[in-house]
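Peer 1: mind looking at a prediction? Sequence and model below.
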Amino acid sequence: MILKDTVVQLVEQYIPESGYYLVDVNVTPDNRISVEIDSFDGVSIEFCAGLNHFITSQLDRETEDYELQVSSAGLTEPFKVQKQYEKNIGNEVEVLTKAGKKLSGILKDANDTSFIISIEKTEKPEGSKRKVVVIEDIAFLYQDIKTTKYIIRFK
């Protein structure tokens with residue numbers, strides 16, 4: 001069986017100066033290899049094909065047969081690495097916590113351990129007859145999050 005670490009090393013060997021980053025590698029017991037990459041400027045089919053060719057040139061099909069798929073991280077898939085959070089600063093995201101709470105808002109900031117989203121909520125200030133929109137920043141630790149996804153809106 002081809003090891004995940006072997007594929008990760010090959011991808012990291014190919015992408016250092018390209019502006020791309022590794023999102024995920026999955027290797028099934030029957031050697032179906034799936035590589036997900038991304039970049040702050042989008043992913044080109046040419047880069048995926050080049051990475052696919054590089055990995056293929058480094059693995060020996062005579063020794064072990066495999067199926068290889070190189071693709072961009074899916075737009076509707078949950079974020080898997082910190083750089084995906086950084087890429088989506090300023091975009092609307094949906095956060096599902098491990099406690100089961102679901103929130104959506106604008107991703108404001110992301111660092112090594114946490115990220116912040118700004119949510120809009122309506123509140124009625126004391127003594128006021130009308131509700132007002134209030135923007136609240138909420139910080140989350142990555143370890144407390146089940147999923148975070150980019151929200152696609154068609155307006």
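Peer 2: Right, received. Where do you want to start?

Peer 1: any idea how far residue 136 is from the residue lying farthest from the centre of the chain?
Peer 2: Ranked by distance from the centre of the chain (C-alpha atoms, centre = their mean), the top residue is residue 127, with 44.2 Å. In this structure, residue 127 and residue 136 are 21 Å apart, going by C-beta to C-beta, to the nearest Å. Yep, even glycine has a C-beta here, placed from its N, CA and C like the rest.

Peer 1: surely residue 21 is in contact with residue 38?
Peer 2: Yes. Here residue 21 reaches residue 38: they are 6.1 Å apart, a contact under C-beta atoms under 8 Å.

Peer 1: any residues in contact with both of the two?
Peer 2: Common neighbours of residue 21 and residue 38, counting by C-beta atoms under 8 Å, 6 or more residues apart in numbering, are residue 83.

Peer 1: the chain: helices as residue ranges?
Peer 2: Per DSSP state H, the chain carries helices over the ranges 4-14, 45-58, 82-87.

Peer 1: need the contact list for residue 11.
Peer 2: Neighbour list for residue 11: 22, 25, 35, 37, 51, 55 [criterion: C-beta under 8 Å, 6+ apart].

Peer 1: got CSV for those, with pLDDT and neighbour count too?
Peer 2: Formatted as CSV, these follow (pLDDT from 0 to 100; neighbours: other C-beta atoms under 10 Å):
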residue, pLDDT, neighbour count
22, 97, 20
25, 97, 18
35, 97, 22
37, 97, 22
51, 97, 23
55, 97, 20
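
Peer 1: so which of these is the closest to residue 82?
Peer 2: Using C-beta to C-beta, residue 22 comes nearest to residue 82 of the contacts of residue 11, at 11.9 Å.

Peer 1: mind listing the residues bridging to residue 105?
Peer 2: Beta-bridge pairing of residue 105 under DSSP bridges involves residue 93.

Peer 1: and it, what does it touch?
Peer 2: When contacts are counted by C-beta under 8 Å, 6+ apart, residue 105 touches 92-93, 95, 117-120, 138.

Peer 1: apply 7 Å and report the result again.
Peer 2: 92, 117-119 (C-beta atoms under 7 Å, 6 or more residues apart in numbering).

Peer 1: roughly how far does the one residue sitting closest to the centre of the chain sit from residue 96?
Peer 2: Taking C-alpha atoms, centre = their mean, the centroid of the chain lies closest to residue 79, which sits 2.9 Å from it. Separation of residue 79 from residue 96 (C-beta to C-beta): 11 Å.

Peer 1: quick revisit: can you list the helices of the chain in TSV and add distance to residue 113?
Peer 2: Converted to TSV, the helices of the chain look like this (distance: least, C-beta to C-beta, whole Å):
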stretch	distance to residue 113
helix 4-14	23
helix 45-58	30
helix 82-87	9
